[in-house]
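K.L.:
Here is a sequence with its predicted model. Questions after.
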Amino acid sequence: MTEVSVAKVDRRLRRAETEQRILDGTIELLDAGASLAGLSVNRIVEASGVSRATFYLHFADKRALVQRLGETELFAFRAATESFFEHPQAGRDELAQTVDQLVALWRSHAGVLSSLIEMAEYDADSHETWQAIIHAIADSMAPALRERRPELDEPMVLTLAEIIAWTGERALHQMVGRDATDAQARRAAEGLTEAVWRIVAPASSLAQ
């Protein structure tokens, strides 16, 4: 690798590290109970240990930061669900394990997720970002649903994938959220597993 190439790689690494510092600082504030809507850039840069100028080198504005946070959460949730949805023969026990992972992920990211959802309720750009995240999750589920439920036509496959995604989002937000007890989280996981299984399971599995 040439010196020029090494320098470019170093710059990309430094940029990624700085961006992550800003994201981590924001997450720390949200986990402490701050509202994303009420967070100023000044508070974010103070928590991140960077300057305002550095913040704006990485994010055009706070909306761009919100979008980046959403993309990070999307990656985490798709990674958690792929083990089940990429294996059409996976059964109810595997689904339960996946839902347990989602509940644990939601609890550990509650500050960010609650803030993203709350901001999406009144900010048009944030609403669009969150809608895109849920649609992307649904799209990732659709191929497995097609294979598991071949009797369904394409519009119904897409509709059910969206229903699964939105059901999961609402259940986790309302029933797990920031303050759920272990017992409440366990109950939510069991209910969500049952609801999703009745959609994704082949009819022959439910008849047994």
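P.N.:
Here it is on my side, so go on. Note that this is a predicted model, so its numbers are computed, not measured. Numbering: from 1, shown residues only.

K.L.:
mind listing the strands for this structure?
P.N.:
Using DSSP state E, the chain contains no strands.

K.L.:
mind giving me the domain split of it?
P.N.:
1-59, 63-207 (automatic domain parsing).

K.L.:
Export the ones you listed as TSV, with columns for mean pLDDT and mean neighbour count.
P.N.:
From N, CA and C alone the C-beta is placed, and that goes for glycine too. Converted to TSV, the domains of the chain look like this (pLDDT from 0 to 100; neighbours: other C-beta atoms under 10 Å):
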stretch	mean pLDDT	mean neighbour count
domain 1-59	83	14
domain 63-207	89	16
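
K.L.:
Wait, Gly111 touches Ile27, no?
P.N.:
Yes - the criterion here is C-beta atoms under 8 Å, and Gly111 meets it with Ile27 at 6.7 Å.

K.L.:
What separation is there between Glu128 and Val66?
P.N.:
Distance of Glu128 to Val66, computed by C-beta to C-beta, to the nearest Å: 11 Å.

K.L.:
I meant Glu46, not that one.
P.N.:
With C-beta to C-beta as the criterion, Glu46 and Val66 are 18 Å apart.

K.L.:
surely Glu162 meets Ile137?
P.N.:
No - here Glu162 does not reach Ile137: they are 9.1 Å apart, not a contact under C-beta under 8 Å.

K.L.:
any common contacting residues for these two?
P.N.:
Contact criterion C-beta atoms under 8 Å, 6 or more residues apart in numbering; residues shared by Glu162 and Ile137: none found.

K.L.:
Pull stretch 34-45 out as PDB, backbone CA atoms only.
P.N.:
Written as PDB, here are the backbone C-alpha positions of stretch 34-45 (Å, rounded to 0.1, in the frame of the first residue of the first chain):
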ATOM      1  CA  ALA A  34     -32.400  13.500  28.000                       C
ATOM      2  CA  SER A  35     -34.900  14.100  25.300                       C
ATOM      3  CA  LEU A  36     -33.500  13.900  21.700                       C
ATOM      4  CA  ALA A  37     -35.800  16.800  20.700                       C
ATOM      5  CA  GLY A  38     -34.500  18.900  23.500                       C
ATOM      6  CA  LEU A  39     -30.800  18.100  23.000                       C
ATOM      7  CA  SER A  40     -28.800  21.000  21.700                       C
ATOM      8  CA  VAL A  41     -25.700  20.600  19.600                       C
ATOM      9  CA  ASN A  42     -23.700  22.300  22.400                       C
ATOM     10  CA  ARG A  43     -24.700  19.500  24.900                       C
ATOM     11  CA  ILE A  44     -23.900  16.800  22.400                       C
ATOM     12  CA  VAL A  45     -20.400  18.200  21.600                       C
END
